[in-house]
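> Can you look at this prediction? I've put the sequence above it.
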Amino acid sequence: MESLVCEIAKSRLKNDFDKAFEDLGLFVTDLKFDYSEGLSVIVEFSAEEGVIILNTQ
């Protein structure tokens, strides 16, 4: 049961990150949870070539 809950949470996090970073041309390719020091979420992003918007201010 715990792994099912984790997969649901992971799926929702991925969707939320995808929506939040869509305007920058990024999408989530992997989410990992690290429990070594509390709880950390490691997010791996990717982008299609030529799509990333750079803020050069």
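Ah, there it is. Residues are numbered from 1 along each chain as shown.

> For the protein, which segments count as strands?
26-34, 40-47 (DSSP state E).

> out of these, deepest packed?
strand 26-34 (a mean of 13; mean count of other Cβ atoms under 10 Å). For the C-beta atoms, the positions are set from N, CA and C on the backbone; glycine is no exception.

> For the strands of the chain, please prepare TSV with the additional fields mean pLDDT.
Formatted as TSV, the strands of the chain follow (pLDDT from 0 to 100):
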stretch	mean pLDDT
strand 26-34	88
strand 40-47	88
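
> With distance to Asn15 added, can I get those strands in JSON lines?
Shown next, in JSON lines, are those (distance: least, Cβ to Cβ, whole Å):
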{"stretch": "strand 26-34", "distance to Asn15": "9"}
{"stretch": "strand 40-47", "distance to Asn15": "12"}
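
> closest one to Ile8 among the ones you listed?
strand 26-34 (12.4 Å; Cβ to Cβ).

> For Leu36, give me the backbone phi and psi.
Careful, residue 36 is Ser; it's not Leu. Main-chain torsions, Ser36, degrees, to the nearest 10: phi -60, psi -40.

> Also Leu39?
Here Leu39 shows phi and psi, under degrees, to the nearest 10, equal to phi -120, psi 120.
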